[in-house]
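>>> Quick one, structure for this:
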Amino acid sequence: MSREAPTLDEIRSWPATVSVAEAATALGVSKTHLHALIKSGRAPVKVVPLGGRRQRVITLSLVRLLEGSD
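Residues are numbered from 1 along each chain as shown. Model (predicted):
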């Protein structure tokens, strides 16, 4: 992945939800991998379905995971 992962402080300042691509970057995995985890029900973060194939990741769940709180 060519984009550098954001810091935890940067992630804390993100909006309430972020795209799967942004969450994947924060986790250091590909967007494709995170989509596969979401589809299989094994995603380590909470996801909000927005109809069709569109989904958003709840930032607080991402922060908690990265802090080791979840």
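>>> can you pull the contacts of the most centrally placed residue in the chain?
The chain has Ala23 as the residue nearest its centroid, 2.7 Å off, counting by CA atoms, centre = their mean. Each residue near Ala23 by CB atoms under 8 Å, 6 or more residues apart in numbering is listed here: 34, 45, 57, 62. C-beta here means a position set from N, CA and C on the backbone, and glycine is covered the same way.
>>> Send me the one helix or strand Asp9 maps to as CSV with only the CA atoms.
Applying DSSP states H and E as the criterion places Asp9 in helix 8-12. What follows is helix 8-12, C-alpha atoms only, in CSV (Å, rounded to 0.1, in the frame of the first residue of the first chain):
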residue,chain,number,x,y,z
LEU,A,8,-3.9,7.3,16.2
ASP,A,9,-4.3,11.0,17.1
GLU,A,10,-5.2,11.7,13.5
ILE,A,11,-7.8,8.9,13.4
ARG,A,12,-9.3,10.3,16.6
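>>> picking that back up, return the subset of the contacts of Ala23 lying in helices.
Among the contacts of Ala23, the ones falling in helices (DSSP state H) are 34, 62.
>>> Separate out the buried members of the contacts of Ala23.
34, 45, 57, 62 (16 or more other CB atoms under 10 Å).
>>> Please tell me how far the nearest residue to Val45 once chain neighbours are set aside sits from Glu4.
Leaving aside its sequence neighbours, Val45 sits nearest to Ser61 (CB to CB, 6 or more residues apart in numbering; 4.5 Å). Plainly put, Ser61 is 22 Å away from Glu4 if you go by CB to CB, to the nearest Å.
>>> One more: Gly68?
In terms of CB to CB, Gly68 sits 21 Å off from Glu4.
>>> Mind jotting down where the helices sit in the protein?
Under DSSP H, the chain gives helices at 8-12, 20-27, 31-40, 59-67.
>>> closest to Leu50 out of these?
Smallest distance to Leu50 across the helices of the chain (CB to CB): 11.2 Å, for helix 20-27.
>>> Quick check: mean pLDDT of that closest one?
Averaged across helix 20-27, the pLDDT comes to 97.
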